[in-house]
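**Q** quick check, what structure comes out for this input:
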Amino acid sequence: QVQLVESGGGLVQAGGSLRVSCAASGRIFSINAMGWYRQAPGKQRELVAVITSDGSTNYALSLRGRFTISRDNAKNTVYLQMNSLKPEDTAVYYCNAVVKLTLHDLGRGYWGQGTQVTVSS
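**A** Numbering: from 1, shown residues only. As a prediction, the model looks like this:
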């Protein structure tokens, strides 16, 4: 019913920048929070940043100042701008969205398939 498709991942040198995008489509009434998570090899998935429908944001403490989350509500799209990238930022980045399918729906979370970000030293 709902699909999240990430794009924009790739290989970048340390110190570089990258922007990833995630577009939601399907039978969507509205989207509450949208966010980015990441999972490095051998590690648990962790929160990167979250943004609510009114634009309030929350970041992992260690990433504040380097990463910026934004969204375009008209396009049901969330972005993550990543600057001053470090090798330890290498991970699969996953998009998450809390989607309401109807007016009275409480909303449920959906995940994208992930996009690989690799930062070389």
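
**Q** is there a neighbour count for residue 86? I'd like the number.
**A** Neighbourhood size, residue 86 [other CB atoms under 10 Å]: 12. Backbone N, C-alpha and C define where each C-beta goes, glycine included.

**Q** so it makes contact with residue 118?
**A** No - look at residue 86 against residue 118 with CB atoms under 8 Å: they stay out of range, at 11.7 Å.

**Q** intersection of neighbour lists for the two?
**A** Residues touching both residue 86 and residue 118 (CB atoms under 8 Å, 6 or more residues apart in numbering): none.

**Q** all strands for this structure, in order.
**A** For the chain, applying DSSP state E gives strands covering 2-7, 10-13, 18-26, 30-39, 46-51, 57-59, 67-72, 77-82, 91-100, 108-111, 115-120.

**Q** do you know how far residue 85 is from residue 12?
**A** From residue 85 across to residue 12, the span is 6 Å (CB to CB, to the nearest Å).

**Q** show me which of these two is the more surrounded one.
**A** When neighbours are counted by other CB under 10 Å, residue 85 and residue 12 differ, and residue 85 comes out ahead with 21 against 17.

**Q** report the central residue of the protein.
**A** Centroid-nearest residue in the chain, with CA atoms, centre = their mean: residue 36, separated by 2.6 Å.
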